[in-house]
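**Q** sequence and computational prediction follow.
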Amino acid sequence: MPFFEAIRLALSQIRAQKLKSFFTLLGVTIGVMFLIAVVAVINGMGRYMEEEFAGKLMGVNTFTLRHRPYFEMNTTDEEWRSYARRQRIMLHDVEPVVAALPPDIMWAVESRDNIPVSTKDMRPRDVDAFAVDGQFFEIRSLDVASGRLIAPHEFANGSKVVVIGQDVKKRFFPTTEALGRELRIGGVPYRIIGVMEEQGSVFGLSVDKFVVGPMKSPLARLLNRRPGIIDGIILKSSSMQGMQEGMERVRQVMRGRHHLRPAQPDDFAIETTESALTFWAKIENVLVMAGVVLPAIGLLVGAIVIMNIMLVAVAQRTREIGIRKSLGARRRDILSQFLVEAATLSTIGAVFGILLGVGIAALVEKASPMPASVAPWSVVTAVFLGAGVGIISGMYPAARAARLDPIVALRQE
């Protein structure tokens with residue numbers, strides 16, 4: 001039997017038995033729907049991590065020196081204890097590190113914590129506070145919407161000045177000008193000299209709720225109680241090659257300052273954007289496993305339903321099979337008819353699942369902070385899965401129909 005003729009017959013059977021066909025394709029539809037939706041969310045989050053999340057946190061060709069990794073999961077208790085025993089990065093480490101850098105690398109010092117700030121008229125609210133030095137604003141590509149950035153002499157003198165994010169401005173000075181006003185941090189008044197441009201959000205969480213002050217100001221002592229401790233040094237090169245060279249120079253300087261022997265591992269962490277993406281890749285692997293298992297259950301249920309209903313169809317159409325065989329239909333014609341019918345049912349279910357999955361992905365992206373992007377390969381895979389499930393589950397019923405004796409089949413009532 002010609003292939004397209006088999007499809008035409010399969011479609012006519014589907015039209016004739018709409019309710020049965022609906023329940024037949026339901027399992028496949030649900031399985032494919034979950035596959036498309038889950039893969040779309042995972043794919044969208046992967047692209048978001050590469051283009052937005054890692055870029056906003058780290059930046060292109062940027063690396064950081066810290067006493068322990070910032071991006072890490074599944075850390076054991078022993079690893080946490082080893083991190084606690086490590087030497088902290090100190091302010092006096094900055095000068096030798098900077099002296100060893102290639103000339104094109106920018107640097108900045110950073111300490112950071114979530115602490116309460118207030119004004120004389122408003123109660124405290126927690127914000128992300130940064131005590132910085134060096135080229136922090138240039139490395140993070142931050143600029144002011146109004147006012148100015150912290151000047152070199154203010155960094156050097158530890159002046160009690162801050163620049164604030166848009167959320168801080170809206171919270172404490174919603175209807176008035178923030179420039180020149182006082183913001184109290186740890187009971188110490190700081191003069192606002194700049195309001196930063198809006199940075200947006202990451203996974204629905206605002207990154208505009210921050211204040212930035214000089215490292216030598218009293219703010220640093222709030223963020224790290226021990227004098228001289230810093231959270232890290234941020235470094236940025238103009239090229240990937242320069243970044244790699246800078247990382248190696250920083251590693252050698254810090255190993256020397258910590259008196260590490262050649263066989264000893266680093267007791268500090270140097271991280272790049274790749275560190276954030278590696279961290280995400282571990283999470284992604286778990287999500288992919290869940291994204292495969294859930295649709296697989298739906299497809300398995302769909303395959304069982306298709307097999308059962310096709311067996312019922314063979315029993316109901318035994319006389320029809322006998323008539324076709326008596327008119328010259330060969331065994332392979334009967335086999336192909338039922339196989340194509342099962343595959344067509346399953347493929348139609350997959351198409352509906354694709355449409356529903358795309359719709360769910362769009363709804364998730366619109367109604368939540370989770371990004372979603374439908375991967376073309378998942379659509380192709382869904383179609384082949386749909387056809388494959390139909391062929392596999394329809395194989396036994398089709399073979400059973402093809403083996404029917406035409407004389408016995410014609411006697412069937």
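**A** Structure's in. What do you need? Just so you know, these numbers come straight off a predicted model, no measurement behind them.

**Q** which residue ranges of the stretch 201-350 of the chain form strands?
**A** 201-202, 205-206, 210-214, 232-236, 269-272 (DSSP state E, counting those that start in this stretch).

**Q** turn those into a markdown table, including distance to Asp113, mean neighbour count and mean pLDDT.
**A** Heads up, the C-betas are built off the backbone N, CA and C, glycines and all. Formatted as a markdown table, those follow (distance: least, CB to CB, whole Å; neighbours: other CB atoms under 10 Å; pLDDT from 0 to 100):
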| stretch | distance to Asp113 | mean neighbour count | mean pLDDT |
| --- | --- | --- | --- |
| strand 201-202 | 18 | 15 | 66 |
| strand 205-206 | 17 | 12 | 72 |
| strand 210-214 | 11 | 24 | 95 |
| strand 232-236 | 13 | 24 | 91 |
| strand 269-272 | 18 | 20 | 85 |
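
**Q** for Val379, find the nearest of those strands.
**A** For Val379, the closest of the strands of the stretch 201-350 of the chain is strand 201-202, at 28.3 Å, according to CB to CB.

**Q** number of residues surrounding Pro69?
**A** 17 (other CB atoms under 10 Å).

**Q** secondary structure class for it?
**A** Under DSSP: H, G, I helix; E, B strand; the rest coil, Pro69 falls in the coil class.

**Q** thought Phe268 was touching it, still the case?
**A** No - between Pro69 and Phe268 there is no contact, the gap being 9.8 Å when judged by CB atoms under 8 Å.

**Q** circling back to that earlier point, who wins for proximity to Glu248 among the strands of the stretch 201-350 of the chain?
**A** Among the strands of the stretch 201-350 of the chain, strand 269-272 comes nearest to Glu248, with 9.3 Å by CB to CB.

**Q** can you list the strands that that closest one pairs with?
**A** strand 62-66 (antiparallel) (DSSP bridges).

**Q** for Val28, give me its contacts.
**A** With contact set as CB atoms under 8 Å, 6 or more residues apart in numbering, Val28 has these partners: Gly298, Leu299, Gly302, Ala303, Ile306, Ser346, Gly349, Ala350, Gly353, Gly386, Val389, Gly390.

**Q** apply 10 Å and report the result again.
**A** By CB atoms under 10 Å, 6 or more residues apart in numbering, the residues touching Val28 are 295, 298-299, 301-303, 305-306, 345-353, 382, 385-386, 389-390, 393.

**Q** hang on, it is in a helix, isn't it?
**A** Yes - Val28 forms part of a helix when assessed by three-state DSSP.

**Q** ok, so what distance separates it from Phe338?
**A** Per CB to CB, to the nearest Å, Val28 is found 17 Å from Phe338.

**Q** how is the protein partitioned into domains?
**A** 3-53+278-411, 106-236 (automatic domain parsing).

**Q** weakest of those in terms of mean pLDDT?
**A** Within the domains of the chain, confidence is poorest for domain 3-53+278-411, with a mean of 71 (mean pLDDT).

**Q** chain center to stretch 254-263, what's the gap?
**A** 36 Å (CA atoms, centre = their mean, to the nearest Å).

**Q** show the end-to-end separation of it, please.
**A** End-to-end distance of stretch 254-263 (CA to CA, to the nearest Å): 15 Å.

**Q** nearest residue to Phe34 in space, please, no chain neighbours.
**A** Pro295 (4.5 Å; CB to CB, 6 or more residues apart in numbering).

**Q** cool, and Gln87?
**A** His258 (5.8 Å).

**Q** for Arg88, see how far away that neighbour is.
**A** Counting by CB to CB, the gap from His258 to Arg88 is 11 Å.

**Q** who touches both of these two?
**A** Residues touching both His258 and Arg88 by CB under 10 Å, 6+ apart: Phe268.

**Q** out of the strands of the stretch 201-350 of the chain, which comes closest to Asp167?
**A** Closest approach to Asp167 among the strands of the stretch 201-350 of the chain (CB to CB): strand 205-206, 5.4 Å.

**Q** what about the helices in the stretch 201-350 of the chain?
**A** Here the stretch 201-350 of the chain has its helices, by DSSP state H, counting those that start in this stretch, at 219-223, 240-257, 273-316, 318-326, 331-367.
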